[in-house]
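[1] Just to be clear, the model below is a prediction. Sequence and coordinates:
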Amino acid sequence: MRTLHPRTIARAVAALAFLPCAYSSGGSTAYSVAKTAIYVQKDSGGALASSKYPYVFSAEAPVAATLTVPGGAPLPLESIQGSTSDFGYTQSFTTKSLSGGLDAIYPNGTYKMTNTGGPTLSFPLSTDSYPTSIPSVTSGTTGSWVGGVLMLDPTTSQTLDFQNFSSFGGAGVAGFIQLKINDLSSGGSALKKQEISIANSLGIPQGSTPFTSYSIPSGTLNPGDIYEATLQYATALGFDTTTVPGNGVITQFENQLVFYIVAQGMITPQPPVLTTDIANQSGTTGGSATFAPVVTEGEVQVGGNSVTLWYLNGQQLSIDGIKYVSNGTSLVINNLTTADDGTYFAKVLTAGGLVTTSNATLTVNLAVAPVIATQPESQTLNSGTSAVFTVAATGATGYQWEYSGNGGSTWSNLTDGGSISGSQGPQLLIQGATSGQAGEYECLVSSANSSTLSSAASLSIVNSPSPGFLVNISSRAFVGTGANILIGGFYVGGNSLRSVLIQGLGPALANEGVPGTLAHPALSIYNSSGAKIYSNTGWGSSPVLLKAAAAAYANPVLQANSSDSEVLLTLPPGGYTAQVSGADGGTGVSLWAIYQLP
């Protein structure tokens with residue numbers, strides 16, 4: 001599958017220092033398609049193919065464009081979220097396999113690039129034409145390879161010798177060589193040299209042969225700083241500076257070498273050790289994920305003297321402090337999207353050397369909104385009585401009740417206080433409701449990264465001179481098993497809904513000195529049709545229930561976290577049955593009680 005990565009791409013870094021980057025000087029820009037082989041060097045033995053991602057395909061344009069792959073569908077180039085001076089649109093693909101794996105996705109042939117109002121550009125990528133020479137640092141330096149990095153003395157002049165680019169300009173229409181040495185500790189490109197074998201108007205030095213060495217003057221490198229060096233050899237199969245005036249249109253194959261330099265300081269550092277590797281992570285869209293390797297020098301965890309480079313699918317991430325946040329060696333990825341799904345690893349560099357983490361995957365799942373199983377119900381109550389709105393949902397982690405007094409035109413969040421409690425819970429209690437509280441009520445039910453809005457329920461207030469008033473009914477009995485449980489019936493009369501508090505008690509009786517009580521009562525409420533409308537096996541120390549019990553003068557007062565059962569319901573007129581049984585099959589003395597809220 002093709003992988004698009006619409007994110008900031010650092011220009012002078014290991015996997016992405018493409019030839020077109022060189023053409024941004026003097027206000028010129030470039031359209032390009034390229035295949036690049038990535039090499040790394042860690043010792044005097046020379047360059048080796050990257051073990052993480054040895055091949056990369058790239059396509060870039062300064063404006064929004066569409067790339068058509070031979071035999072494939074058009075693909076939009078994705079906008080880079082980076083510096084305005086950088087190229088605006090890019091696409092890249094890395095592979096762990098040999099070039100055949102890359103060629104299967106981005107085959108040889110002619111690529112087309114189009115943009116609104118511009119000409120159709122052709123990029124002939126024929127049979128793989130990577131340069132025959134593999135770039136590597138050979139000799140000439142007084143430094144030494146230690147811990148995977150090249151140690152150089154910044155107080156003396158240093159010379160880097162490179163393997164000769166023997167096919168410079170011979171395999172295609174042009175050859176290109178570039179060296180960049182980038183200071184990772186202090187930032188900025190410290191050193192740079194480049195040359196091309198064809199006349200050009202893009203501000204790049206021209207020569208007939210490549211340079212094979214580079215001298216670093218004494219005092220140029222900062223003692224103790226860590227540098228990333230990128231050496232590029234490229235063969236351009238197409239180099240066009242006329243089709244789009246002021247812009248290059250480039251087709252190329254490239255070999256790219258990455259190695260790291262440490263400017264030695266006064267103290268000889270210990271080599272870094274990866275003591276805790278990164279592990280696979282998962283997250284949901286909109287959330288965050290963290291990779292946290294631990295690297296030590298001796299007995300001390302590395303800190304400010306280190307540089308950590310993070311990669312996603314072989315491409316280096318730009319740490320912007322918003323989307324990608326790095327603290328020491330860790331990486332936090334915020335506002336997850338499915339584009340963050342992939343394989344991550346890190347390179348940690350210190351003055352003592354280089355360590356690389358293993359690969360770890362991040363799996364990003366789509367956030368699942370809570371599912372509301374029970375919607376709040378509209379009710380008509382007599383003025384001065386209590387209203388209860390209930391919502392039940394699966395996957396819910398938060399609740400926010402809202403109120404509208406103008407038929408749903410505008411809504412405001414409710415807060416606890418006065419006659420209102422439970423504004424951020426599954427049950428909203430309004431004690432002594434007045435006509436000023438008539439209106440529409442709804443609940444926004446949320447999960448970690450998503451939310452669902454309940455349907456609206458209306459509260460209507462009437463003034464009845466004789467609404468009827470049930471104060472309290474209770475009954476105590478021994479609860480057995482099977483048919484020998486505690487059953488009590490009650491009837492809500494009148495012509496309006498009533499809010500009632502129903503209890504199934506066991507531990508609360510034990511606190512009053514009653515022996516042999518039911519340890520874990522289960523309370524179930526059935527309507528006249530025999531349908532279970534609510535159940536509870538532990539009141540959960542709900543502040544709403546506690547306030548309702550106080551308003552009804554319920555006694556005894558339930559203790560926090562007790563196993564007593566209690567529900568708060570708003571019921572229409574009709575007959576009901578309350579049943580108390582042992583939640584765990586146990587037996588004992590229990591009491592069921594019902595209170596009408598004033």
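    Done, it's in.
[2] strands paired with the helix or strand bottoming out on mean pLDDT in the chain, and their directions?
    Here the helix or strand of the chain ranked lowest by mean pLDDT, DSSP states H and E is strand 78-79, holding a mean of 78. Strand 78-79 has the following strand partners under DSSP bridges: strand 89-95 (antiparallel).
[3] Following the partner strand in sequence, what is the next regular element?
    Sequence order places helix 99-105 as the next helix or strand after strand 89-95, per DSSP states H and E.
[4] Now that next one - C-alpha only, PDB.
    Taking C-alpha atoms only, helix 99-105 is exported to PDB below (Å, rounded to 0.1, in the frame of the first residue of the first chain):
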ATOM      1  CA  SER A  99      14.700  -2.100  -4.100                       C
ATOM      2  CA  GLY A 100      12.200  -4.600  -5.500                       C
ATOM      3  CA  GLY A 101       9.900  -3.900  -2.600                       C
ATOM      4  CA  LEU A 102      10.000  -0.200  -3.400                       C
ATOM      5  CA  ASP A 103       9.700  -0.800  -7.200                       C
ATOM      6  CA  ALA A 104       6.500  -2.900  -6.600                       C
ATOM      7  CA  ILE A 105       4.800   0.300  -5.200                       C
END
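[5] gap between that helix and the chain center?
    30 Å (C-alpha atoms, centre = their mean, to the nearest Å).
[6] which helices and strands does it pack with?
    Judged by 3 or more C-beta pairs under 8 Å, 6 or more residues apart in numbering; DSSP states H and E, the packing partners of helix 99-105 are strand 29-40, strand 55-61, strand 89-95. Heads up, the C-betas are built off the backbone N, CA and C, glycines and all.
[7] Out of those, which is closest to residue 400?
    For residue 400, the closest of the helices and strands packed on helix 99-105 is strand 89-95, at 41.0 Å, according to C-beta to C-beta.
[8] returning to that earlier point: can the helices and strands packed on helix 99-105 go into JSON lines with extra columns for distance to residue 431?
    Output for the helices and strands packed on helix 99-105, formatted as JSON lines (distance: least, C-beta to C-beta, whole Å):
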{"stretch": "strand 29-40", "distance to residue 431": "69"}
{"stretch": "strand 55-61", "distance to residue 431": "65"}
{"stretch": "strand 89-95", "distance to residue 431": "61"}
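[9] So which of the ones you listed is nearest residue 276?
    Closest to residue 276 of the helices and strands packed on helix 99-105 is strand 29-40 (C-beta to C-beta; 23.5 Å).
[10] what angle separates the closest one from strand 89-95?
    Put simply, strand 29-40 runs at 20 degrees to strand 89-95, going by axes from the mean of the first three to the mean of the last three C-alpha atoms, to 10 degrees.
[11] strands paired with strand 29-40, and their directions?
    Strands that pair with strand 29-40, judged by DSSP bridges, come out as strand 48-49 (antiparallel), strand 55-61 (antiparallel), strand 247-263 (parallel).
[12] Now do the helices for the stretch 401-550 of the chain: every range, in order, please.
    Per DSSP state H, counting those that start in this stretch, the stretch 401-550 of the chain carries helices over the ranges 507-510, 543-551.
[13] Quick check: which of those is buried the most?
    With neighbours taken as mean count of other C-beta atoms under 10 Å, these reach their highest mean count in helix 507-510, at a mean of 20.
[14] and it, what other elements does it pack with?
    strand 588-596.
[15] who touches the strand it packs on?
    Residues outside strand 588-596 that contact it (C-beta atoms under 8 Å, 6 or more residues apart in numbering) are 469-479, 486, 488, 490, 498-506, 508-509, 514-519, 521, 523, 549, 552-554, 578, 580, 582.
[16] which parts of it are buried?
    Neighbour counts over strand 588-596 (16 or more other C-beta atoms under 10 Å) mark 588-596 as buried.
[17] cool, stretch 351-367 as well?
    Neighbour-count burial for stretch 351-367 flags 351-357, 359-360, 362, 364, 367 (criterion: 16+ other C-beta under 10 Å).
[18] about what we covered before: what's the closest of the buried residues of strand 588-596 to residue 446?
    Among the buried residues of strand 588-596, residue 595 lies closest to residue 446 (C-beta to C-beta), at 31.9 Å.
[19] Any idea what the closest one is bridged to?
    With DSSP bridges as the rule, residue 595 is bridged to residue 472, residue 501.
[20] what residues are up against the residue nearest to residue 430 when sequence neighbours are not counted?
    Nearest residue to residue 430 in three dimensions, chain neighbours excluded: residue 387, at 4.4 Å (C-beta to C-beta, 6 or more residues apart in numbering). The contact partners of residue 387, taken as C-beta under 8 Å, 6+ apart, are 379, 381, 429-430, 433, 437, 459, 499, 570.
[21] one more time with 6 Å
    381, 430, 433, 459 (C-beta atoms under 6 Å, 6 or more residues apart in numbering).
[22] So the residue positioned nearest the centre of the chain: helix, strand or coil?
    In the chain, the centroid-proximal residue (C-alpha atoms, centre = their mean) is residue 336; its distance is 2.4 Å. The three-state label given to residue 336 by DSSP: H, G, I helix; E, B strand; the rest coil is coil.
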